[in-house]
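In: Need a 3D model of the following:
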Amino acid sequence: MERGESSNVEHKYTRRARTSGIVIREGGAVTAPTNATPGEVNQEQQQGVKREADQYMPTTNITHIMRCVLPAHVKIADDAKEAIQVCVSEFINFITVEANNICHCDYRRTVTPEDVLAAMASLGFGDYIEPLI
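Out: Numbering: from 1, shown residues only. This is a model prediction of the structure:
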């Protein structure tokens, strides 16, 4: 296959709007909510639609990391935990998408640690690479 040609594999990234139940697919296709039965909801989850809770790193992990770097007497507000949780998850998603694009350009399906480091360098996070090696 020549560079620039499309493959038979179609990648569909979907996300669900928070309150409306509307599904937004890559390319802008929008699916309106329906009165789905539990079986249909399971099928929808298998097709790539994730629950909001599944999109974020667990709060317990975030809290543990925050407590490791803060003094013992410091309390952490729930809003602060949630804000860090969203930021960390978005950062991971941002790096992962770029690493996946690097793999896709090389006609590979497996993201390697080298792809993640290359993605971080290409996105301007080169200063963070040395501590990871």
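
In: All the helices of the protein, in order from the start?
Out: With DSSP state H as the criterion, the chain has helices at 38-46, 59-69, 78-105, 113-122, 129-132.

In: Tell me where the model's unsure across this protein.
Out: 1-54 (pLDDT under 70).

In: one more time with 90
Out: 1-59, 128-129, 131-133 (pLDDT under 90).

In: Which positions in stretch 91-104 come out as buried?
Out: Neighbour counts over stretch 91-104 (16 or more other CB atoms under 10 Å) mark 95, 98-100, 102-103 as buried. Any C-beta I mention is one placed from the backbone N, CA and C, and that applies to glycine too.

In: And those residues, which is closest to residue 71?
Out: Comparing these against residue 71 with CB to CB places residue 95 closest, at 29.8 Å.

In: wait, what's in contact with the closest one?
Out: Going by CB atoms under 8 Å, 6 or more residues apart in numbering, residue 95 touches 116, 119-120, 123, 125.

In: nearest spatial neighbour of residue 88, skipping sequence neighbours?
Out: Sequence neighbours aside, residue 57 is the residue nearest to residue 88 in space, at 5.3 Å (criterion: CB to CB, 6 or more residues apart in numbering).

In: need the contact list for the one you found.
Out: 85, 88-89, 92.
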